[in-house]
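[1] Here's a sequence, model it:
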Amino acid sequence: MFCSVLQAQDIHFSQHFNAPMYVNPSFNGLSPGMSRVSLNTKNQWLAAKSPYQSFLACFDNSWKIKKSSPSFFSTSALLYYDVAGDGNFSTAQFSPSIAYTFLLNKSFNSLLSFGVQPGIVQRSLDVSKLRFDAQYNGYFYDPTLSTNEILDNQTFIYPDITVGGYYINFFDMNTYAGGGVSLSHMNKPIVSMKNTNEIRLYPKLTIHGEARVYLKNNVFLPTFYFSKQGPHNEVLIGGRIVLNQINVSAIDQNILFRKNFLLGLYYRGMDALIIYAGAEFQNYNIGISYDMNLSRYTPASRMRGGIGISAAYVWQKSRRHGNKDIPCPIF
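    Reported below is the predicted structural model:
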């Protein structure tokens, strides 16, 4: 059942725009004087007997070494848990990160950020919940028979390293465009349950971009996301429209007046159509998405993909920590 030459890939959050620290460590703490707590959950393959479930919790915070300096540091912590299949194959991860953001010009409208995210990951498998051919005695399944599988490491731990960079430019008080690149698993960690070094996690290259533009009385937030991990590619394009907008400008840190409703539509290449709805109310962000499976596995999935839910709370520590001259997008 288990082969000796395998390579693994990551799960994906359809609401990548609501899981910034998971996408790129340079995303953390982009707003000086602001702090944020965010939660994400994703259920995949709902038609399967044991759907895949993923959970993500993040906290990020920014701070300055010198109050007079427009540049700033930011730190974050990420907790991730994923469980899949009948054998409860699980992944638990803790990753702190640090990023440095500085201004590229005296107009204070261009920012460049770099971040690094070391982490520790634990993976485990409950073999007792699985059935093997060797446990068939010729008449029926007998759980007392040996599986004939040699799995020396049913639970193991490995280090993980991610680095990234992000650039954003503000064209005016309400319009911006930005993009970033990150490289995850750059140390190619060993993820084998056997005593072999051949099974490693592919490094993952991620390229992403987003913008904020006005369309008459509404705001449009287009995004694109591309990742490549070994032979596996993912392309996700689409956007969200902000309706009934009662909002401050894109670079204002006073978010207590926000009352926005968002609708979005995304397409993951050859895989799924994603419908999104969200709301922003003062310090709170919430979102829900549904993946409608369009891949060749549609007959098995009955077009039932996955449900994603996100929530975030953003607050300003103190007026004296912020700097209104520094553009700071609120994601």
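[2] I'd say N174 and N218 touch.
    No - taking contact to mean Cβ atoms under 8 Å, the distance of 11.9 Å between N174 and N218 leaves them out of contact. Quick note: C-beta positions are derived from backbone N, CA and C, even for glycine.
[3] Only the buried residues of stretch 226-243, if you could.
    Residues of stretch 226-243 classed as buried under the neighbour-count rule (16 or more other Cβ atoms under 10 Å) are F226, S227, Q229, E234, L236, G238, G239, R240, I241, V242.
[4] nearest spatial neighbour of the fifth one, skipping sequence neighbours?
    Translated: L236. The spatially closest residue to L236, leaving aside those adjacent along the chain, is Y225, at 4.3 Å (Cβ to Cβ, 6 or more residues apart in numbering).
[5] since we're on that neighbour, how many residues are nearby?
    Neighbour count for Y225, taken as other Cβ atoms under 10 Å: 22.
[6] how about the one helix or strand S97 maps to: buried residues?
    Per DSSP states H and E, S97 falls inside strand 89-103. Applying a neighbour-count criterion of 16+ other Cβ under 10 Å, one finds F89, S90, T91, A92, Q93, S95, P96, S97, I98, A99, T101, L103 buried in strand 89-103.
[7] cool, stretch 100-117 as well?
    Neighbour counts over stretch 100-117 (16+ other Cβ under 10 Å) mark T101, L103, F108, N109, S110, L111, L112, S113, F114, G115, V116, Q117 as buried.
[8] Direction included, what does the helix or strand harbouring the last one pair up with?
    Taking DSSP H and E as the definition, Q117 sits inside strand 110-124. Each strand paired with strand 110-124, and its direction, by DSSP bridges: strand 89-103 (antiparallel), strand 155-170 (antiparallel).
[9] Please name whichever of those is nearest to F72.
    With respect to F72, and counting by Cβ to Cβ, the nearest of those is strand 89-103 at 5.7 Å.
[10] any idea of the mean pLDDT for the closest one?
    The average pLDDT for strand 89-103 rounds to 94.
[11] Alpha carbons of it, as CSV, please.
    Listed next in CSV are the C-alpha coordinates belonging to strand 89-103 (Å, rounded to 0.1, in the frame of the first residue of the first chain):
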residue,chain,number,x,y,z
PHE,A,89,-3.6,11.3,8.9
SER,A,90,-2.9,14.6,10.6
THR,A,91,-0.5,17.5,10.3
ALA,A,92,0.0,20.0,13.2
GLN,A,93,2.2,23.0,12.7
PHE,A,94,3.5,25.9,14.8
SER,A,95,5.3,28.7,12.9
PRO,A,96,6.4,32.1,14.3
SER,A,97,7.6,34.7,11.8
ILE,A,98,9.2,38.0,11.6
ALA,A,99,9.1,40.6,8.8
TYR,A,100,10.6,44.0,8.1
THR,A,101,8.8,46.7,6.1
PHE,A,102,10.3,49.9,4.8
LEU,A,103,9.3,52.7,2.5
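[12] Please pull out the lowest mean pLDDT helix or strand from the chain.
    Taking mean pLDDT, DSSP states H and E as the measure, the helices and strands of the chain show their lowest mean at strand 7-8, namely a mean of 50.
[13] picking that back up, the strands paired with strand 110-124: which one's closest to Q282?
    With Cβ to Cβ, the closest approach to Q282 among the strands paired with strand 110-124 belongs to strand 155-170: 23.3 Å.
[14] Pretty sure F220 sits against Y214.
    Yes - with contact taken as Cβ under 8 Å, F220 and Y214 are classed as touching, separated by 7.5 Å.
[15] ok, back up a step: can I get the strands paired with strand 110-124 in a markdown table with distance to G278?
    Compiled in a markdown table, the strands paired with strand 110-124 are given as follows (distance: least, Cβ to Cβ, whole Å):
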| stretch | distance to G278 |
| --- | --- |
| strand 89-103 | 25 |
| strand 155-170 | 21 |
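[16] Spell out which residues sit in contact with T175, please.
    If a contact means Cβ atoms under 8 Å, 6 or more residues apart in numbering, then T175 has A211, R212, V213, Y214, A250 as its contacts.
[17] For L111, see how far away it is.
    Here T175 is placed at a distance of 15 Å from L111 (Cβ to Cβ, to the nearest Å).
[18] Could you do L79 as well?
    To L111, L79 is 27 Å away according to Cβ to Cβ.
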